[in-house]
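In: all I have is the shape, not the residue letters:
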């Protein structure tokens, strides 16, 4: 049971950020996700952060569980998933999620294989 819960948590949060970094020379916000992917966003591409002075960007922090970029003094919250979907497109995120290997998916695939596999397209 514990292992399943740990696996479920890993899958649920793989696209959340574990690290946030701002590079003022390049004016880029870099995010490292829990799945190990590093994504860099030009600040100009993020409407909520584009017009802010660099002093305010020093206040950026990751929100709870790495699901948002926060600047509390300005009441700004930017969704990590939202900016990544806007950058790469929803279909890319969906295909990455479909590649997740879990015990539950493996068991379902074996059960479907015993039934004859995926039905043919008509």
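Out: Looks like it arrived, so ask away. All values derive from a computational prediction rather than experimental measurement. Numbers count the residues shown, from 1 in each chain.
In: and the gap between the most centrally placed residue in the chain and residue 58?
Out: Central residue of the chain (C-alpha atoms, centre = their mean): residue 15, 2.4 Å from the mean position. Using C-beta to C-beta, to the nearest Å, residue 15 is found at 26 Å from residue 58. Placement of C-beta: from N, CA and C, glycine included.
In: got it, and residue 28?
Out: With C-beta to C-beta as the criterion, residue 28 and residue 58 are 15 Å apart.
In: so those two - more neighbours on which side?
Out: The neighbour comparison of residue 28 against residue 58 (other C-beta atoms under 10 Å) goes to residue 28, with 15 against 10.
In: what is the one helix or strand residue 86 maps to packed up against?
Out: Using DSSP states H and E, residue 86 sits within helix 80-88. If you count contacts as 3 or more C-beta pairs under 8 Å, 6 or more residues apart in numbering; DSSP states H and E, helix 80-88 packs onto strand 28-33, strand 38-42, strand 68-71, helix 90-98.
In: which other residues reach the third one?
Out: When you say that, I think you mean strand 68-71. The contact list for strand 68-71 (C-beta atoms under 8 Å, 6 or more residues apart in numbering) reads 17, 20, 29, 49, 52, 56-57, 59-63, 76-80, 83.
In: mark which of those residues are part of helices, please.
Out: Counted as lying in helices by DSSP state H, out of those, are 49, 56, 57, 80, 83.
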